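Peer 1: no sequence on this one, just coordinates:
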């Protein structure tokens with residue numbers, strides 16, 4: 001029985017990055033031998049075991065044979081005679097197909113170390129085309145490793161998978177899993193641009209694909225192209241290390257601009273409402289979690305109002321706080337303001353411009369929160385009367401905060 005450290009841990013060591021988890025491949029063993037040595041079986045689709053002391057995953061060396069479409073359409077064969085090289089051959093990229101033995105020696109039959117040095121994401125074998133998730137993984141690695149480029153021959157295979165319909169077998173949960181991971185990387189735009197290069201973006205996120213080539217007024221958007229703008233917004237949200245809901249809202253806030261009638265371009269009248277409908281459909285299709293969906297919806301609907309908040313009357317500001325449920329969900333409102341800030345600064349030349357609107361609304365919210373709703377409710381006998389009285393009291397507090405000479 002021989003044990004090798006494999007995959008991401010070896011890759012990240014060679015890149016000089018911290019290693020979070022280590023995975024191991026076991027060659028020359030049976031499941032019965034693993035259990036006899038104290039390993040605990042956990043694998044459902046193939047033999048995986050947890051080490052009795054470290055609890056690190058140890059998988060028996062295996063091969064795979066494609067039996068049907070999709071990432072689950074494989075027949076797995078694990079046996080003592082399967083070699084390390086055969087196990088590594090089924091992996092997606094050469095940089096993930098490197099092993100290290102217990103003495104520290106590298107086993108690199110597919111030249112992954114050379115590709116790490118050259119900054120290349122290259123498929124291990126033609127079997128790459130059998131698993132559509134690999135398209136998403138390669139794109140995600142672009143977002144993580146900013147200096148890496150996809151090998152041209154790998155792009156060709158990715159395009160083939162899109163053209164032959166293999167990508168259509170992706171299940172929504174896996175699409176969201178990979179997209180959410182990519183959004184949390186340092187340069188999310190590289191993931192979406194990689195998907196676009198191979199034609200996958202139009203299949204997975206057609207609402208985002210439609211944004212590219214759609215013009216915006218140059219005086220507001222020097223970058224002009226809506227798709228470019230959204231990529232800038234997403235990358236700004238990543239640079240600020242904002243949460244996943246903020247980053248998803250950054251990606252989806254302008255979806256409606258992709259459906260603007262051509263005869264009114266480059267203006268986008270009513271794009272907010274169109275964006276809301278598209279966000280709803282997108283979230284339902286790929287099963288986006290509720291926290292990401294709910295924030296994306298209010299950002300899509302109200303981001304334009306936030307940008308113009310300094311021009312608003314106090315009652316309009318108060319209604320904005322009410323419509324975004326700011327009093328009951330102040331943490332989500334803060335995330336909402338951050339997404340709006342990303343939208344403003346995700347424009348060429350606007351990256352460091354002040355965004356006082358956010359502090360303006362933070363102050364208005366603090367003023368509204370200072371009102372004792374319970375105290376006001378005394379003496380009012382119907383829910384409608386209480387609601388109206390509380391609104392008026394909050395409105396007066398907001399008015400006072402806006403006129404006290406200390407705007408923020």
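Peer 2: Sure, I can see it. Just so it is clear, the structure is predicted and the values come from calculations on it, not from any experiment.

Peer 1: shaky segments in this structure?
Peer 2: Residue ranges of the chain with pLDDT under 70: 45, 65-75, 404-408.

Peer 1: domains of it?
Peer 2: Structurally, the chain divides into domains by automatic domain parsing as follows: 1-124, 132-204, 205-402.

Peer 1: Adding mean neighbour count, write the ones you listed out as JSON lines.
Peer 2: C-beta here means a position set from N, CA and C on the backbone, and glycine is covered the same way. As requested, these are exported to JSON lines (neighbours: other CB atoms under 10 Å):
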{"stretch": "domain 1-124", "mean neighbour count": "17"}
{"stretch": "domain 132-204", "mean neighbour count": "19"}
{"stretch": "domain 205-402", "mean neighbour count": "18"}
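
Peer 1: so residue 12 sits right up against residue 21, yeah?
Peer 2: No - in this structure residue 12 lies outside contact range of residue 21 using CB atoms under 8 Å: 9.8 Å.

Peer 1: Show me the strands in the chain, by range?
Peer 2: Secondary structure of the chain by DSSP state E: the strands cover 2-6, 23-27, 40-41, 48-50, 57-60, 62-66, 74-78, 99-100, 106-107, 120-121, 149-150.

Peer 1: so how far is the first one off the chain centroid?
Peer 2: Taking CA atoms, centre = their mean, to the nearest Å, the mean C-alpha location of strand 2-6 is offset from the chain mean by 32 Å.

Peer 1: And the strands of the chain: which comes nearest residue 232?
Peer 2: Comparison of those against residue 232 by CB to CB identifies strand 149-150 as nearest, at 20.7 Å.

Peer 1: which residues touch that closest one?
Peer 2: For strand 149-150, contacts defined as CB atoms under 8 Å, 6 or more residues apart in numbering pick out 119, 120, 121, 122, 138, 142, 158, 194, 197.

Peer 1: and if we set it to 6 Å?
Peer 2: residue 121 (CB atoms under 6 Å, 6 or more residues apart in numbering).

Peer 1: same check, this time on stretch 206-216
Peer 2: Residues from elsewhere that reach stretch 206-216 (CB under 6 Å, 6+ apart): 201-202, 224, 226-227, 230, 255, 257-258, 265-266, 278, 282.

Peer 1: contact partners of stretch 296-308?
Peer 2: Stretch 296-308 has contacts (CB under 6 Å, 6+ apart) with 248-249, 252-253, 272, 275-276, 279, 320, 324, 336, 339-340, 343, 357.

Peer 1: Excluding sequence neighbours, find me the nearest residue to residue 185.
Peer 2: Excluding its sequence neighbours, the residue lying closest to residue 185 (CB to CB, 6 or more residues apart in numbering) is residue 143, at 3.8 Å.

Peer 1: Isn't the one you found up against residue 183?
Peer 2: No - when contacts are counted by CB atoms under 6 Å, residue 143 is not listed as touching residue 183 (8.0 Å).

Peer 1: tell me the contacts of residue 60?
Peer 2: 26, 47, 78.

Peer 1: and it, what are its bridge partners?
Peer 2: Under the criterion DSSP bridges, residue 60 forms beta bridges with residue 26.

Peer 1: for residue 107, same thing?
Peer 2: Under DSSP bridges, the beta-bridge partners of residue 107 are residue 99.

Peer 1: measure the residue nearest to residue 235 when sequence neighbours are not counted to residue 240 for me?
Peer 2: In this structure, residue 235 finds its nearest non-sequential neighbour in residue 189, 4.9 Å apart by CB to CB, 6+ apart. Using CB to CB, to the nearest Å, one gets 14 Å for the distance from residue 189 to residue 240.
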